[in-house]
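Asker: Provided below are the primary sequence and the corresponding predicted coordinates.
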Amino acid sequence: MRLSIRHTTRYRFHAPVVHALQRLRLTPKETQGQRIIEWDMEYLNAHPELTFEDQHHNTVTLIGVESGAQEVTVTCRGVVETSDQAGVIGRHAGHLPLWSFQSQTARTKPGGGMRKLMKQLTDGGTDRLDMLHRLSSRILEQVEYKTGTTHSRTTAEEAFAQGSGVCQDHAHIFIGIARALDVPARYVSGYLMMNDRIEQEAGHAWAEAYVEGLGWVGFDISNGISPDARYVRVATGRDYRDAAPVTGISFGGASAVLEVDVAVEQQQVQQ
């Protein structure tokens, strides 16, 4: 499947910026079941400083904001070819050892509620893949997908306790419990082609867990499936912070408002 993607991010600073750097993780990965056909990035009131690969094999572009700017726009356009691998990414790659994905972060660390759910998972057998699918289903049953109830700094336990959240929260809960069960797990940010719309308000997020004999396997908890050809992996990490599409620092602007427009659609291939 060929997916055409457009992703626009707009910042509006409350005051002219003196100095600002933004770290962009907006370039899809070349990975199992996924190939970049073309990918371009354009900037308004900013310029590229450096592109490098981080410890998770994410392509990172560092941009500098023009002095005095109050609005910055980053637009990505491209085409990615994907195939359905039933969610299986395969062997571990990247510069971090596998064991580093077994330790918790502040966003994934389980509290009492998540640990209670974890204990319930041992009732249905010990097969690791089956257990992870049960975990995904239980999270979706207990944590309703509901926008506006959490934010980017909400922890997994906070979202679990309130019983609602979005894809980021579902992924963090899954990762936290999987790691507590000694299963390496990581966060994925990317795109999903929706069957009922092209325009979207944000990208998507899901989780991957390492299963012996298969390698990394994806779990989209919010949709109750493993990723197929409609998914595009962009960045991975130990939690949202490692894979966030845009992070940065600024001086001279008190704060910034982020607006995101995403469009994902299937591109027809001419015979």
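Answerer: Alright, I've got the coordinates.
Asker: what ranges does the stretch 151-271 of the chain have for its helices?
Answerer: In the stretch 151-271 of the chain, the helices defined using DSSP state H, counting those that start in this stretch lie at 156-162, 167-180, 240-243.
Asker: among those, which is the most enclosed?
Answerer: Most buried of these, by mean neighbour count (mean count of other CB atoms under 10 Å): helix 167-180, with a mean of 27. The way it works is simple: take the backbone N, C-alpha and C, and place the C-beta from them, glycine included.
Asker: avg pLDDT for that one?
Answerer: Mean per-residue pLDDT for helix 167-180: 98.
Asker: and it, what other elements does it pack with?
Answerer: Where contact means 3 or more CB pairs under 8 Å, 6 or more residues apart in numbering; DSSP states H and E, helix 167-180 is packed against helix 112-120, helix 128-142, helix 156-162, strand 185-192, strand 204-211, helix 240-243.
Asker: okay, and residue 72 sits in which element?
Answerer: Using DSSP states H and E, the element containing residue 72 is strand 71-82.
Asker: now do the same for residue 249: its pLDDT.
Answerer: Value for residue 249, per-residue pLDDT: 68.
Asker: so residue 92 makes contact with residue 212?
Answerer: No. Counting by CB atoms under 8 Å, residue 92 sits too far from residue 212 to count as a contact (11.2 Å).
Asker: what about these two, which has more around it?
Answerer: It is residue 92, of residue 92 and residue 212, that has more neighbours when counted by other CB atoms under 10 Å, with 14 against 8.
Asker: measure the more buried one to residue 34 for me?
Answerer: Remark: distance between residue 92 and residue 34 (CB to CB, to the nearest Å) = 17 Å.
Asker: next: residue 82.
Answerer: 5 Å.
Asker: mind checking the helices and strands packed on helix 167-180 for the one nearest to residue 14?
Answerer: Residue 14 sits nearest to helix 240-243 of all the helices and strands packed on helix 167-180, at 23.8 Å, using CB to CB.
Asker: mind putting the helices and strands packed on helix 167-180 in CSV, distance to residue 87 and mean pLDDT included?
Answerer: Below are those laid out as CSV (distance: least, CB to CB, whole Å; pLDDT from 0 to 100):
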stretch, distance to residue 87, mean pLDDT
helix 112-120, 22, 94
helix 128-142, 10, 96
helix 156-162, 21, 98
strand 185-192, 11, 97
strand 204-211, 8, 97
helix 240-243, 17, 96
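Asker: any idea how many residues pack against residue 268?
Answerer: Residue 268: 8 neighbours (other CB under 10 Å).
Asker: for it, which non-adjacent residue is closest in space?
Answerer: Spatially, and ignoring its direct neighbours in sequence, residue 268 is nearest to residue 2 (7.9 Å; CB to CB, 6 or more residues apart in numbering).
Asker: for the one you found, what are its contacts?
Answerer: By CB atoms under 8 Å, 6 or more residues apart in numbering, the residues touching residue 2 are 37, 79-82, 266-269.
Asker: at 10 Å instead, please
Answerer: Residues near residue 2 by CB atoms under 10 Å, 6 or more residues apart in numbering: 35, 37, 79-82, 229, 265-269.
Asker: shouldn't residue 246 be in contact with residue 258?
Answerer: Yes. Proximity of residue 246 to residue 258 meets the contact threshold set by CB atoms under 10 Å, at 7.3 Å.
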